[in-house]
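Visitor: From the sequence below, what's the structure:
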Amino acid sequence: MTETDRSHEVSIAIDARCKLRGQLSVPEQPLGIVVVAQPAGGGRRLTRQQELLRELARADLATLVVELLSEREADEDRFRRRLHFDIPLLGGRLILTIMWLRRQPDVYDLPVGLFGTNTCAAAALVAAAHETDRVRAVVTRSGRLDLVPDDDVREVRAPTLVIVGGSDVPVIAATRSALPRFGCPMKVEVVAGAAHLFERPDALDRANALTCAWFRRELSGEEAVTQRMRPAASSRR
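Guide: I've put the predicted structure just below:
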């Protein structure tokens, strides 16, 4: 992050029993905000996302990293992984996160981009289908587009960048089968030599550059940044 960023931890109430953890970072004059969706227990994931977050900040984009499962849910789901594949649940929580952003003074009127990997990519597309006026761009990396429910696929409008690793054969196959279902503007980028987790630094750097360029272009258009929204009633972060 840059020296002028305002960054702090946030808590997003889903209901009386569930609160999601997040990290909100806002540069001095943000052009938009990118929500980076993670399942839970994102310490290692967040470490791998740091360079992407820095690049987004350099592009004058705010970021919200949010874990879509609570710590308790993540512990209970460690072996069964039922919740990790509950796309309506994850997508619903991402929708509530976008609604939460509308009540935050620093970012309430910013166009939103969504970034997700694996099943969180499917959740991002579900949220985009329900928040068409707010979500202006989506990027998926190693994403399970095949898990997006049919009803949601038809409603996605946001331009979507699909990044897959050239060595990730299962996701490439799943992506090819899923693409004809979507009607939104969509571009596929295959990063040569990258596996599912993009563990090679050069592959991850390439994916980060593609992601940042996509969000910068789609969220910084004149129409996106001049269409202002009224803030909802204020709430505690």
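
Visitor: right, and H196 touches V169 too?
Guide: No. Applying C-beta atoms under 8 Å as the test, H196 and V169 come out as separate, 9.4 Å apart. (Glycine included, C-beta is placed from N, CA and C.)

Visitor: Neighbour count for the two, which is higher?
Guide: Legend: neighbour count by other C-beta atoms under 10 Å for H196 and V169, higher for H196 (16 against 12).

Visitor: does that one count as helix, strand or coil?
Guide: What DSSP: H, G, I helix; E, B strand; the rest coil gives for H196 is coil.

Visitor: got a list of what the residue nearest to it when sequence neighbours are not counted touches?
Guide: Excluding the flanking residues, the one nearest H196 by C-beta to C-beta, 6 or more residues apart in numbering is D168, at 4.6 Å. The contact partners of D168, by C-beta atoms under 8 Å, 6 or more residues apart in numbering, come to S142, A194, A195, H196.

Visitor: Model confidence for D168, exactly?
Guide: pLDDT recorded at D168 is 96.

Visitor: quick one: which helix or strand includes L52?
Guide: Here L52 sits within helix 43-58, counting by DSSP states H and E.

Visitor: could you point out which element follows that helix?
Guide: Past helix 43-58, the next helix or strand by DSSP H and E is strand 61-67.

Visitor: tell me what the very next helix or strand once past that following strand is packed against?
Guide: Proceeding C-terminally, strand 61-67 gives way to helix 71-76 as the next helix or strand, assigned by DSSP H and E. Contacts defined by 3 or more C-beta pairs under 8 Å, 6 or more residues apart in numbering; DSSP states H and E place helix 71-76 against no helix or strand at all.

Visitor: Alpha carbons of helix 71-76, as CSV, please.
Guide: What follows is helix 71-76, C-alpha atoms only, in CSV (Å, rounded to 0.1, in the frame of the first residue of the first chain):
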residue,chain,number,x,y,z
GLU,A,71,-13.7,-18.6,11.7
ARG,A,72,-16.2,-21.1,13.4
GLU,A,73,-17.6,-22.1,10.0
ALA,A,74,-14.2,-22.6,8.6
ASP,A,75,-13.1,-24.8,11.5
GLU,A,76,-16.3,-26.9,11.2
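
Visitor: So what's the gap between that helix and the chain middle?
Guide: Mean-position distance between helix 71-76 and its chain equals 21 Å (C-alpha atoms, centre = their mean, to the nearest Å).

Visitor: what's next to it, contact-wise?
Guide: Residues from elsewhere that reach helix 71-76, judged by C-beta under 8 Å, 6+ apart: C18, R21, P39, A40, G41, E67, L83.

Visitor: how many neighbours does the nearest residue to the second one once chain neighbours are set aside have?
Guide: In this case it means R21. Excluding the flanking residues, the one nearest R21 by C-beta to C-beta, 6+ apart is E67, at 5.1 Å. By the criterion of other C-beta under 10 Å, E67 has 24 neighbours.
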